[in-house]
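# Task: produce atomic coordinates for the following.
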Amino acid sequence: MKKKLIIIVLTLIASVGAKAQLLAVSTDALHDVLMLPSLGVEMVTGERTTLGLSAFGAYHPWGNQSRMVALQPEFRYFFSGRPMSREFVGIGAVGSLYDITWDGKVYNGEAAGLGITFGYVLSLTHRLNLDFHAGFGVVVYHQKEYYVGDFYDIDFSKGGWLETNASGYYLMPTRIGISLSYILK
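The predicted model follows:
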């Protein structure tokens, strides 16, 4: 997963230097309200396409013993003939590391997935956009799952390393939100 992430980041950085490219920064208002601060970058790659990378995370949100960080690269195709404007469909991925305690149960692991996103970008001003989007896909996870107070470190230890005891996949929302974006260039 680290190699894929490095390739995506290097592709985005290399593309920023291309001529006449629009570049926008954004934050997902829905994530921000849920105390999952987010930041995204989107770049025009063609007459109807963009490539973006979003990141969000949390450290003890809502007073809960939880931490999470996630990256979401996405390629979008705009039907209007103009990127960052009106209806679009996107293909994206998500990668996440998490350690969440919820109702006395601990979930500690990683997840990765692929999905499709549909949305609409509303231009508020020449540089300010409001982006409504929703997507679903398949997410694969590998995690350590146990109850608080269990002897997890003894029961699932192999050679001094804690092994995952739960893995699988879900068909689920991979992206839902309302983003506010500002076009830089």
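
# contacts and neighbour counts: CA atoms only from here.
OK.

# Where does pLDDT dip in this protein?
1-21, 151-164 (pLDDT under 70).

# Now do the helices in it.
Listed in chain order, the helices of the chain (DSSP state H) span residues 2-16, 29-33, 152-155.

# ok, the residue nearest the centre of the chain - contacts?
By Cα atoms, centre = their mean, the chain has its centre lying nearest to Q72, at 3.1 Å. Counting by Cα atoms under 8 Å, 6 or more residues apart in numbering, Q72 touches L53, S54, A55, G92, A93, V94, G95.

# Can you report how many residues neighbour the residue nearest to it when sequence neighbours are not counted?
Of all residues not flanking Q72 in the chain, V94 sits nearest, at 4.5 Å (Cα to Cα, 6 or more residues apart in numbering). V94 has 22 neighbours, counted by other Cα atoms under 10 Å.

# Can you give me the distance of V94 to G63?
25 Å (Cα to Cα, to the nearest Å).

# again with G115
31 Å.

# neighbour-wise, which of the two wins?
Higher neighbour count among G115 and G63: G115, with 20 against 7, using other Cα under 10 Å.

# Am I right that the more buried one is in contact with F136?
Yes. Taking contacts as Cα atoms under 8 Å, G115 lies within contact range of F136: 5.3 Å.

# what's the overlap in contacts for the two?
By Cα under 8 Å, 6+ apart, G115 and F136 have these common neighbours: T174.

# Show me where the protein has its strands.
Counting by DSSP state E, one finds strands in the chain at the ranges 23-28, 38-44, 49-59, 66-78, 86-102, 105-123, 128-147, 157-158, 161-162, 166-183.

# Adjacent strands (with direction) for the third one?
Neighbouring strands of strand 49-59 in its sheet, by DSSP bridges, are strand 38-44 (antiparallel), strand 66-78 (antiparallel).

# got the ones you listed as a markdown table, with distance to E110 columns?
Output for those, formatted as a markdown table (distance: least, Cα to Cα, whole Å):
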| stretch | distance to E110 |
| --- | --- |
| strand 38-44 | 19 |
| strand 66-78 | 10 |
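
# So for R175, which of these sits nearest?
Comparison of those against R175 by Cα to Cα identifies strand 66-78 as nearest, at 8.7 Å.
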